[in-house]
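Chemist: return a 3D structure for these sequence lines:
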Amino acid sequence: MTLKRAMGPATRELSTVKAAVVVMAVILTGFAFWALRHILTPFMLAVFLLLMVDGLARVLQDRIKGFPKKAALPTAIVLIVALFAFAIWMIADNASDFLAQSHDYAARLNILLEQGSRKLGLAVTPTVDQLIHRLNPASYAGKIAGALKLTGEQAVFVLIYLGFLIASRQGFARKTAELFNDPAEMAEANRVFERVRKGVESYIWVQTIVGLIIGAASAALMYAMGLQHVLFWTFIIFLANYIPAIGAAVGVLFPPVFALVQFPELWKPITLLVGMEAIHFGVSHVLQPRMQGKNLNLDPLVVLLALAFWGAIWGLTGAFLSTPLTVIAMAILAEFKGGRPIAVLLSSDGKPYAGDAR
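Modeler: Residues are numbered from 1 along each chain as shown. Okay, the predicted model is just below:
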């Protein structure tokens, strides 16, 4: 009894020390990720694109009867690159249209400011030019130029990393065989890799289908209301959907806000806002959970916390990659005795093995 009483406080102290070590490890890891963000973010984006290319190549090969195996990967690369080229062209084309119609938009904004000032009882109504002058956009020009330069550099690094990853992917199998000589260890490593691949590909597939559904339904509503730049707003909604939890909800707010500038009637922006939020709610809360099923197996609260964590460390890139990175972390932690409790907490059903026999 005396020995058990003595071991009780010692065990509690050891548990406290372990918990403190885990907290310190998380903090130090987060700081390391933040400090190396300019190196890691383009690399992780390249890995994400590699998984997209690999998954698309497998779909072309498996779903299209008679599709040449050797042509699957080059075709997938061309399609992905064409998609990004289309995105760049669309943004540039619509930006020129916005600039060409900026005078009309400014006039409409002045009317809205005047109406808002009357309702608020303001004696002086500010104009758009006065507001822009007060904001002093020239003071932000350096920061904007720096951000654009950094974005361009990261895009170049992403393409470079992607090229080297595609070139070296043929040697992955040989390297894995050399790293794990024991057949049991080799099988375990393959299970982890398959779990990560299936989880990330499932996330990409579900988010793509959901984004297409929300985008198509929103496009139909915007076209019916007569909104301009329907294709551009549809593309923005589709891209925003890849940010989990809040992406699509925020993306569908842009067209109603723009509708305030385009339409003199107030009922059209309100109709767009209510209709598009209803579309997002119906698809994201009814259809999407059924499509995901148990493929991701992430707790919804963990998805939201991961979005906040990776968004704080890596910004918009972290928000896009938050769910895939959490899926990878859960799959790896589940393989180690010390990390399994964390993997269990991250999972939705307490079984972070994605259906593997245990």
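Chemist: pLDDT weak spots in this structure?
Modeler: Along the chain, segments meeting pLDDT under 70 span 1-19, 22, 98-150, 152, 173, 291-295, 338, 352-358.
Chemist: quick check: closest non-adjacent residue to the most centrally placed residue in it.
Modeler: Centroid-nearest residue in the chain, with CA atoms, centre = their mean: F320, separated by 2.0 Å. Spatially, and ignoring its direct neighbours in sequence, F320 is nearest to Y242 (5.5 Å; CB to CB, 6 or more residues apart in numbering). Where you see a C-beta, it was placed from the backbone N, CA and C, and this is true even at glycine.
Chemist: one more: F157?
Modeler: Nearest to F157 is P42, by CB to CB, 6+ apart, at 3.9 Å.
Chemist: residues contacting that neighbour?
Modeler: Q154, F157, V158, Y161 (CB atoms under 8 Å, 6 or more residues apart in numbering).
Chemist: please report how far it lies from K268.
Modeler: Using CB to CB, to the nearest Å, P42 is found at 41 Å from K268.
Chemist: repeat for F164
Modeler: 50 Å.
Chemist: quick one, phi/psi of V252?
Modeler: With angles defined as degrees, to the nearest 10, V252 shows backbone torsions of phi -80, psi 0.
Chemist: contacts only, for it.
Modeler: I214, S218, I237, M276, E277, I279, H280.
Chemist: I figured the last one hits G247, correct?
Modeler: No - when contacts are counted by CB atoms under 8 Å, H280 is not listed as touching G247 (9.8 Å).
Chemist: secondary structure element for G211?
Modeler: helix 183-225 (DSSP states H and E).
Chemist: that helix packs against which elements?
Modeler: Packing partners of helix 183-225 (3 or more CB pairs under 8 Å, 6 or more residues apart in numbering; DSSP states H and E): helix 37-63, helix 172-179, helix 230-240, helix 247-251, helix 254-262, helix 267-282, helix 288-292, helix 300-333.
Chemist: show me how far the fifth one is from its chain's centre.
Modeler: To tie it back to what came earlier, the one meant is helix 254-262. 24 Å (CA atoms, centre = their mean, to the nearest Å).
Chemist: which elements pack onto it?
Modeler: Using 3+ CB pairs under 8 Å, 6+ apart, helix 254-262 sits against helix 102-120, helix 183-225, helix 230-240, helix 267-282.
Chemist: between those, which gets nearest to K70?
Modeler: With respect to K70, and counting by CB to CB, the nearest of the helices and strands packed on helix 254-262 is helix 183-225 at 21.2 Å.
Chemist: quick one, the closest one and helix 254-262 angle?
Modeler: 20 degrees (axes from the mean of the first three to the mean of the last three CA atoms, to 10 degrees).
Chemist: next, the angle from helix 183-225 to helix 172-179.
Modeler: 150 degrees.
Chemist: what angle separates helix 183-225 from helix 230-240?
Modeler: Using the same axes, to 10 degrees: helix 183-225 against helix 230-240 is 150 degrees.
Chemist: quick check: angle from helix 183-225 to helix 37-63?
Modeler: 90 degrees.
Chemist: okay, the angle between helix 183-225 and helix 300-333?
Modeler: Using the same axes, to 10 degrees: helix 183-225 against helix 300-333 is 150 degrees.
Chemist: residues touching the nearest residue in space to I332 that is not next to it in sequence, list them.
Modeler: In space, and not counting its chain neighbours, I332 is closest to V192: 6.7 Å by CB to CB, 6+ apart. Contacts for V192 were tallied using CB under 8 Å, 6+ apart; they are A331, I332, E335.
Chemist: buried sites along stretch 309-325?
Modeler: Buried positions in stretch 309-325, judged by neighbour count with 16 or more other CB atoms under 10 Å: 309-311, 313-314, 317-325.
Chemist: and the helices and strands packed on helix 183-225 as a markdown table, adding distance to A92?
Modeler: Listed next are the helices and strands packed on helix 183-225 as a markdown table, based on distance: least, CB to CB, whole Å:
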| stretch | distance to A92 |
| --- | --- |
| helix 37-63 | 21 |
| helix 172-179 | 37 |
| helix 230-240 | 11 |
| helix 247-251 | 20 |
| helix 254-262 | 18 |
| helix 267-282 | 25 |
| helix 288-292 | 31 |
| helix 300-333 | 19 |
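Chemist: can you give me the neighbour number for Y203?
Modeler: 21 (other CB atoms under 10 Å).
Chemist: er, G171 I mean
Modeler: Residues near G171, counting by other CB under 10 Å: 10.
Chemist: so how far is A177 from it?
Modeler: G171 is 10 Å from A177, by CB to CB.
Chemist: with I160 instead?
Modeler: Counting by CB to CB - I160 and A177 are separated by 28 Å.
Chemist: A87 against F238, yeah?
Modeler: No - between A87 and F238 there is no contact under CB under 8 Å: 9.8 Å.
Chemist: wait, what's in contact with A46?
Modeler: F157, V158, L159, Y161, L162, L165.
Chemist: which strand or helix spans the residue nearest to it when sequence neighbours are not counted?
Modeler: Excluding its sequence neighbours, the residue lying closest to A46 (CB to CB, 6+ apart) is Y161, at 3.5 Å. Per DSSP H and E: Y161 is located in helix 141-168.
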